[in-house]
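1. Sequence first, then the predicted structure:
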Amino acid sequence: MVLALDDQWIWDSWYAHDGARWHAFFLKADKSLINPELRHFNVSQGHASSTDLVNWTHHGTSLKPSEGDAWDDFTTWTGSVVRDDGGLWHLFYTGARKSEEGLYQRIGHATSRDLHTWARVGDGLCLDLTGPNAAFYEADHMRGLWHDRAMRDPWVMRDPQGDGWLMFFTARAAGVAEPNAGGAIGFATSRDLYDWTLQPPVFIGGYGQLEVPQVFAHKGRWYCLFCTAAEHFSKEQAEATPGGPVTGSHYLIGDTPRGPWRIAPGRFLDGSLPCRRYAARILKTGDGLVIMGFADQQPDGRFGGYVMDPEPVIVDEEGLLRVVPDAQAAE
C-alpha cells in the first residue's frame, strides 16, 4: 500500500511521531486540474496517520492558504512539525502571496494541541530574509538569474548544543556568478520557537537549489538530506558525480548541525532519469532507517502523485548512506 488519495495528487511530505503513531503531513491538489504542473498554486496541506508507515488513515485538510490579502494567501507549501516541552505541536511551513505571483517565499508558524486542528500564530509569518544577515542571501528575486526568491521548506529541530531551536531551509546565496552554484541551506535560530533570528547559510554550492532539507544525526554523524534536479547541478558537481546528474535526493555530511557541511562523495543517494522518487525524508524506526518520498514520473510518463512505501537505508563503514536496493545491486 502507499499513501495516496483517489481524487488528489500528493507530493512533498513530512512526519511527526506522537509516541504511538506516525503522522504524515503532505502537499495535495485536486486531480481535476488535469495538468499536474498546476498543482503548486492550487495547494493545501493534508494529514494522515499510521502505525507502520504503510497502512494509512486519512484525516482531510490540515492547513490551506489564508483567505483575503495575506502573505500566505496563494500557497501553504512544505514544512516540518515539532513538539515543545509543554506538549504543544508547532508547524513551520512555506507561504507565498498572490500579489507577488508566488515568487517570494517566506516561512510561517502555526500550532496545535492534537495535530489535527492548526491555528496560525498571529498572521502566521515568522521569518523573512530581512535584517543584517539578509545580505548573505538572494533577498530579492534575481529575475533572469533564477526563477524565484527562494526561502522555503523549513526543517526545525532542537539545538543539540543548547536550549533553543534550529531552522534550516532552502535558499540561495548572494553574489554567486554561476546560477547552479548558488544554492544554499539557509539557517535561523530561536530560543522559544516564536522569535527567530536569521543567520548566514550553513552551506552554499553544488547545485542551484537544495530543496526540502532534513537534518538528523545517526551513529555519531550529522546528515542533511536534500533533493534537486539534474538541470540544477553546477558544472563542478556534474563532473564529480559518477554517472552524471540525476533527479532525486542526496545529502551533506557534517560535524555538527551548524557545519561545516560537505556534499557526500560518490554515488548520488536516490536519483534517476526520469525521476522515480523526489522530496524524500529519512525516518528512524524500530527496525532502522527508512526513506520515503513521493512517486514522480511513472513508466508511462504520467505524474505519480503519491507517497511510496518506505525502503530501508543503511550506513556503510565510511559513514555513507545507501538505499538498500541500491546496496544489494552493488554486491
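-> All right, it came through fine. Residues are numbered from 1 along each chain as shown.
2. Break down the stretch 201-331 of the chain into its strands, ranges please.
-> Defined through DSSP state E, counting those that start in this stretch, the strands belonging to the stretch 201-331 of the chain, from first to last, are 211-218, 221-228, 247-254, 261-263, 270-272, 277-285, 288-295, 311-315, 321-323.
3. now those strands as CSV including mean neighbour count and mean pLDDT?
-> Placement of C-beta: from N, CA and C, glycine included. Output for those, formatted as CSV (neighbours: other Cβ atoms under 10 Å; pLDDT from 0 to 100):
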stretch, mean neighbour count, mean pLDDT
strand 211-218, 21, 98
strand 221-228, 24, 98
strand 247-254, 22, 98
strand 261-263, 19, 98
strand 270-272, 22, 98
strand 277-285, 21, 98
strand 288-295, 21, 98
strand 311-315, 17, 97
strand 321-323, 21, 97
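4. Which among those strands is found nearest to R113?
-> Checking the strands of the stretch 201-331 of the chain against R113 by Cβ to Cβ gives strand 277-285 as the closest, at 23.5 Å.
5. so can I have CSV of the strands of the stretch 201-331 of the chain showing distance to N42?
-> Supplementary listing: those in CSV, determined by distance: least, Cβ to Cβ, whole Å:
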stretch, distance to N42
strand 211-218, 19
strand 221-228, 21
strand 247-254, 23
strand 261-263, 34
strand 270-272, 27
strand 277-285, 18
strand 288-295, 16
strand 311-315, 30
strand 321-323, 32
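6. wait, what's in contact with the residue positioned nearest the centre of the chain?
-> To find the centre residue of the chain, average its C-alpha atoms and take the closest one (Cα atoms, centre = their mean): that gives V212, at 1.9 Å. The neighbourhood of V212, defined by Cβ atoms under 8 Å, 6 or more residues apart in numbering, consists of 12, 78, 153, 170, 225-227, 279-281.
7. Break down the stretch 51-200 of the chain into its strands, ranges please.
-> 57-63, 75-83, 89-96, 106-112, 119-127, 151-158, 165-172, 183-190, 196-204.
8. Out of these, which gets nearest to R262?
-> Proximity to R262 (Cβ to Cβ) singles out strand 196-204 among the strands of the stretch 51-200 of the chain, at 8.4 Å.
9. That closest one relative to strand 151-158, how many degrees between them?
-> With axes from the mean of the first three to the mean of the last three Cα atoms, to 10 degrees as the basis, strand 196-204 and strand 151-158 are set at 100 degrees to each other.
10. neighbouring contacts of strand 196-204?
-> Contacting residues not belonging to strand 196-204 are listed as 126-127, 129-131, 133-134, 136-137, 167-168, 171, 173, 176, 182-190, 210, 224, 252, 254, 257-259, 261 [Cβ under 8 Å, 6+ apart].
11. mind redoing it with 6 Å?
-> Taking contacts as Cβ atoms under 6 Å, 6 or more residues apart in numbering, the residues outside strand 196-204 that touch it are 126-127, 131, 133, 136, 173, 184-190, 258-259, 261.
12. Please identify the buried residues of that strand?
-> With burial defined by 16 or more other Cβ atoms under 10 Å, the residues of strand 196-204 counted as buried are 196, 198-199, 201-204.
13. In a markdown table: the residues you listed, plus distance to R267 and pLDDT.
-> A markdown table is the format used below for the buried residues of strand 196-204 (distance: Cβ to Cβ, whole Å; pLDDT from 0 to 100):
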| residue | distance to R267 | pLDDT |
| --- | --- | --- |
| W196 | 36 | 98 |
| L198 | 34 | 98 |
| Q199 | 31 | 98 |
| P201 | 26 | 98 |
| V202 | 24 | 98 |
| F203 | 20 | 98 |
| I204 | 23 | 98 |
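14. need these in TSV with distance to E67, can you?
-> Supplementary listing: the buried residues of strand 196-204 in TSV, determined by distance: Cβ to Cβ, whole Å:
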residue	distance to E67
W196	25
L198	28
Q199	33
P201	34
V202	36
F203	37
I204	37
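15. Looking at those residues, which one is closest to M308?
-> The shortest separation between M308 and any of the buried residues of strand 196-204 is 27.0 Å, and it belongs to F203 (by Cβ to Cβ).
16. Done for today, thanks.
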